[in-house]
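Asks: The following comprises the amino acid sequence and a computationally predicted model.
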Amino acid sequence: MTSRRCSDRIAVATLTLMLALGVPAYALGQAAGQGAGKTKGKVAGTPNVELKGKAIAMEGDLLSIDGTPIRLMGIDAPDPGQKCRNRYGHELDCFKIATAVLAAMVKDEEVTCTVAEKDRTGEKKGECRVRNVDLGAMMVSRGWAFHYASLSAVYQKGEAYAQSKRMGLWAGQVEKPWQWRSRQLREKAH
């Protein structure tokens, strides 16, 4: 077997394994031999860039590393002003709680974020990890954020787990953030 054919088989096996493990689509380009800087995000010319350092949780799905904001890809956490109810019907500030949960996850830890894209407003989005644990997956599986199905199905199983165990926001009543934002816009228009 030629060296080229062997390396092709290894690449196919690696991609198959990554898909089976639920690796985000933007990471597949790197496994296929496209190194950092070659994989494009939603805006042309956006390379995968890695940032490391201490992070501050600005929202339940937004971190800042050395002043650079990075939105956790594939999840959506409650927005500022968004309220929810606990299992007893008491109103809670679910935005503050989700932000505090993410803050506890990154406290005194080095965070590594792979920025995969910039959206049309220039906001950086990517996957962030602490001790090689995906923070987006942790927020969703603990019930403090929702998987954003239209962007990625990677966190769907984690959300199903949190919902089945009535963890975090699933313990009471909460409106999904994108629905809450839409309702806010409709109410302001009237």
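Replies: Received the coordinates, thanks. Numbers count the residues shown, from 1 in each chain.

Asks: Phe95 against Asp79, yeah?
Replies: Yes: with contact defined as Cβ atoms under 8 Å, Phe95 and Asp79 form a contacting pair (6.0 Å). C-beta coordinates here come from the backbone N, C-alpha and C atoms, glycine included.

Asks: what's the overlap in contacts for these two?
Replies: Common neighbours of Phe95 and Asp79, counting by Cβ atoms under 8 Å, 6 or more residues apart in numbering, are Glu59.

Asks: List the beta-bridge partners for Ile56.
Replies: As for beta bridges, Ile56 partners with Ser64 under DSSP bridges.

Asks: Quick check, it in contact with Leu62.
Replies: No: the criterion here is Cβ under 8 Å, and Ile56 misses it with Leu62 at 9.5 Å.

Asks: how does the protein divide up, domain by domain?
Replies: What automatic domain parsing lists as the domains of the chain is 1-35, 46-189.

Asks: CSV for these, including mean neighbour count and mean pLDDT?
Replies: CSV is the format used below for the domains of the chain (neighbours: other Cβ atoms under 10 Å; pLDDT from 0 to 100):
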stretch, mean neighbour count, mean pLDDT
domain 1-35, 12, 38
domain 46-189, 18, 91
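
Asks: Please enumerate the helices of this protein.
Replies: In the chain, the helices defined using DSSP state H lie at 3-21, 25-31, 94-106, 135-141, 156-164, 177-189.

Asks: Does Arg142 touch Leu102 like I think?
Replies: No: with contact defined as Cβ under 8 Å, Arg142 does not reach Leu102; the gap is 10.0 Å.

Asks: Let me see the contact set for Gly143.
Replies: By Cβ under 8 Å, 6+ apart, the residues touching Gly143 are Ala162, Gln163, Lys165, Arg166, Met167, Gly168, Leu169, Trp170, Ala171.

Asks: hmm, try it at 10 Å
Replies: 98, 101, 158-159, 161-163, 165-171, 174 (Cβ atoms under 10 Å, 6 or more residues apart in numbering).

Asks: for Gly126, same thing?
Replies: Contacts of Gly126 by Cβ under 10 Å, 6+ apart are 24, 26, 41, 48-51, 63, 70-74, 112-118, 136.

Asks: Mind checking which of those residues are in strands?
Replies: 49-51, 63, 70-72, 112-118 (DSSP state E).

Asks: Which two of those residues have the greatest separation?
Replies: Pairwise distances across the ones in strands among the contacts of Gly126 peak at 18.6 Å for Thr112 and Lys118 (criterion: Cβ to Cβ).

Asks: contacts for stretch 178-190?
Replies: So stretch 178-190 is contacted by 76, 78-79, 81-84, 94, 146, 148-150, 174-176 (Cβ under 10 Å, 6+ apart).
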